[in-house]
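Peer 1: Here is my input, please return the structure:
(2 chains)
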Amino acid sequence: MVAAKLPVATAETQKSKATPWNRFKKHKPSLVGMVIIGLLILAAIFAPLVAPADPTKQELFSKLAAPGTPFPEQWGGGSFILGSDHMGRDLLSRLIYGSRISLMVGFVAQLVILAIGVPLGAMAGYYGGKVDKLIMRIADVMFAFPDLLFAIAIMFALGSGIINLFIALGVVGWAGMARLVRGQVLQLKESDYVEAARAAGARDWWIILRHILPNALGPIIVSVTLGIPGAIMSEASLSFLGLGVQPPTATWGAMILDGQSYLRRAPLVAVVPGIAIMITVLAFNLVGDGLRDAFDPRANKKA
Amino acid sequence: MLAYIIRRLLAGIPVLIGVSLITFILMNVVPGDPVTAAFEKRATAEDIARIRKEMGLDRPLAVQYVEFVGKAMIGDLGSSFRSRRSVSESIAGALPMTARVACSAMAVALAIGVPFGVAAALRKNSWIDYTATVTTLSFISAPVFWVAIIAQLIFGLQLDWLPISGYEGPIYLILPAAVLGTRYAASIARYTRASMLEVLNQDYVRTARSKGLAERLVIWKHAVKNALVPMLTVIGLEFGGLLTGSILTESVFGLPGVGRLTIQAIQYRDFPMIEGTVLFTAVIFVLANLLVDVSYSLVDPRIRMS
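Peer 2: Alright, predicted model coming up:
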């Protein structure tokens, strides 16, 4: 019985997916965003090939070098294209390696948020009653902390490090996802096909996984896409406050922190990583906006 | 009306309990033991045991939590590991600074954001709309602490117009308020634009136009007034961002507010101070949101019904 239903459900999902994609393709700023994100991902993956030098190699004789200064002899050929920082590390190489941390934090934090938020939100929406009350009460408390302050407190308690960063951003962000999924489930569980699946004797988890969540995919994708720049910004802020990834790992936020003390002598050290953050966050925001328009959650809400 | 307000306030109580519990767990349970974590490099095992006993940290956690909440309710948040000063007094001393930064930034944000949002909505898809959208998106995408540093670089170090660090008078507020304010002006402009676009499609705007009302009156009397109602929520939502934004702004500009107090406490591993400032900020945030909800129901009676 259930197996016979499957093709119908998938065909329906694919049909509703085809139109958003066509709408998305027409949104030019989103395509620009996609290209930028693609380039960033390539830079992050091939950082060792693209970067002119080792991002953590220090050379105290060439600290705060002006852009264009040749590398010290023992580094081989090349030059500090963007100059060097206060420890004589190549700024451009640190910038390129920094994209790895930003992108990784952006994506992994969203995975953690999905892993916590989707099951809890689905349970709350599907079962209602006490389960719903409990989960949503906890979510309310999470919302009661300003995001960055909450992340600061968690990072302080756990100590710095990239794993703790994933945990902190996941703990801070899951409640928003749970709320979103709950709303979707509440709406979709009344639909005829869910009723039909239930009548056919399908188990709850099967109905949620196979019938409800695929139809809630649009808003979830939009939320994830718009959550990535948020996580990147949080990581940068935490690293800037000295609560992110441990030095000497190159991260954009920590680079700005380093550069802050040398604004007069070498302004680029602080300026350049900020531009990188801005472009990355902007690219994800553009794509997220395009996706939101494409899926048009307003139309979903009214349903 | 009163019933609604009371119900709303009562609903805030479990949230406040949850907030205090999470803060307590983060500061007392997760790191193991705050005294050991703070002093392990500087004190002997006996000293640590003695301090723990003095602070009552050798008792069960549940007892400690109840005491923490009980004392917090009468304004006693313990005393700093570092300065020995009372945490509540330190917060009270730093609060006016944060209030000044947050209020002046919000004023800047509204003064810039609302007109820009309205203009962008009225000329939808024109170059003004396009420029406003790109500018606001770029501002939202730039980290606030980095914009602060750029402002220091340009207006302090290069042009030498304004002081960039510390606080000795209102002139020291100009850069922080401008930096934080433009950041939120961008959000406010985006929300105003969306809200205006929705309102402009409403029947009452069409009615106002069709009865021959001057376009200026239609816009300002009918559209903007109604478009600003949802802005209350936005201001409430952005208030949390403003609080955390001021943590970053205060630490860049060296302003002695609650945010800088928090960050300094983190640098010195001053647990009671962190616990106090985090709890305080979260409680303010909860109360601000309650206030927004209540005032929203005053402006828009439909809310109370649901």
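
Peer 1: give me the number of residues near the residue nearest to residue A:286 when sequence neighbours are not counted?
Peer 2: Leaving aside its sequence neighbours, residue A:286 sits nearest to residue A:33 (Cβ to Cβ, 6 or more residues apart in numbering or on different chains; 3.4 Å). Backbone N, C-alpha and C define where each C-beta goes, glycine included. The burial count assigned to residue A:33 is 24, neighbours taken as other Cβ atoms under 10 Å in any protein chain shown.

Peer 1: For residue 150, what is the enclosing helix or strand?
Peer 2: As the question left the chain open, I've gone with chain A. helix A:147-158 (DSSP states H and E).

Peer 1: Please refer instead to chain B.
Peer 2: Per DSSP H and E: residue B:150 is located in helix B:144-151.

Peer 1: Any residue of that helix touching chain A?
Peer 2: Yes: using Cβ under 8 Å from any Cβ of the partner chain, helix B:144-151 reaches chain A at B:145, B:146, B:147, B:149, B:150.

Peer 1: Neighbours of the first one, how many?
Peer 2: Residue crowding around residue B:145 was assessed by other Cβ under 10 Å; the count is 26.

Peer 1: Get me the contact residues on the stretch 51-200 of chain B for chain A.
Peer 2: Proximity of the stretch 51-200 of chain B to chain A (Cβ under 8 Å from any Cβ) is limited to residues B:137-138, B:140-143, B:145-147, B:149-150, B:152-153, B:157.

Peer 1: Now which of those residues would you call buried?
Peer 2: In those, burial by neighbour count holds for B:137, B:140, B:141, B:142, B:143, B:145, B:146, B:147, B:149, B:150, B:152, B:153, counting by 16 or more other Cβ atoms under 10 Å in any protein chain shown.

Peer 1: Per-residue pLDDT of the last one, please?
Peer 2: The score at residue B:153 is 88. That number is its pLDDT.

Peer 1: Closest to chain A out of the residues of helix B:144-151 next to chain A?
Peer 2: Closest approach between the residues of helix B:144-151 next to chain A and chain A, by Cβ to the nearest Cβ: residue B:146, at 3.4 Å.

Peer 1: dump the residue contacts of the nearest residue to that closest one once chain neighbours are set aside.
Peer 2: Leaving aside its chain neighbours, residue B:146 sits nearest to residue A:274 (3.4 Å; criterion: Cβ to Cβ, 6+ apart). By Cβ atoms under 8 Å, 6 or more residues apart in numbering or on different chains, residue A:274 lies in contact with A:252, A:256, B:142, B:143, B:146, B:147, B:149, B:150.

Peer 1: Reformat these as a markdown table; add distance to residue A:201 and pLDDT.
Peer 2: Formatted as a markdown table, the contacts of residue A:274 follow (distance: Cβ to Cβ, whole Å; pLDDT from 0 to 100):
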| residue | distance to residue A:201 | pLDDT |
| --- | --- | --- |
| A:252 | 53 | 92 |
| A:256 | 58 | 92 |
| B:142 | 55 | 90 |
| B:143 | 53 | 91 |
| B:146 | 57 | 93 |
| B:147 | 58 | 92 |
| B:149 | 62 | 92 |
| B:150 | 63 | 91 |
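
Peer 1: Now these in a markdown table, please, with extra columns for distance to residue A:191.
Peer 2: Listed next are the contacts of residue A:274 as a markdown table, based on distance: Cβ to Cβ, whole Å:
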| residue | distance to residue A:191 |
| --- | --- |
| A:252 | 45 |
| A:256 | 49 |
| B:142 | 43 |
| B:143 | 42 |
| B:146 | 46 |
| B:147 | 46 |
| B:149 | 52 |
| B:150 | 51 |
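
Peer 1: Helix A:147-158 and the helix or strand containing residue B:282, what's the angle between them?
Peer 2: According to DSSP H and E, residue B:282 maps onto helix B:271-299. Computed by axes from the mean of the first three to the mean of the last three Cα atoms, to 10 degrees, the angle separating helix B:271-299 from helix A:147-158 equals 160 degrees.
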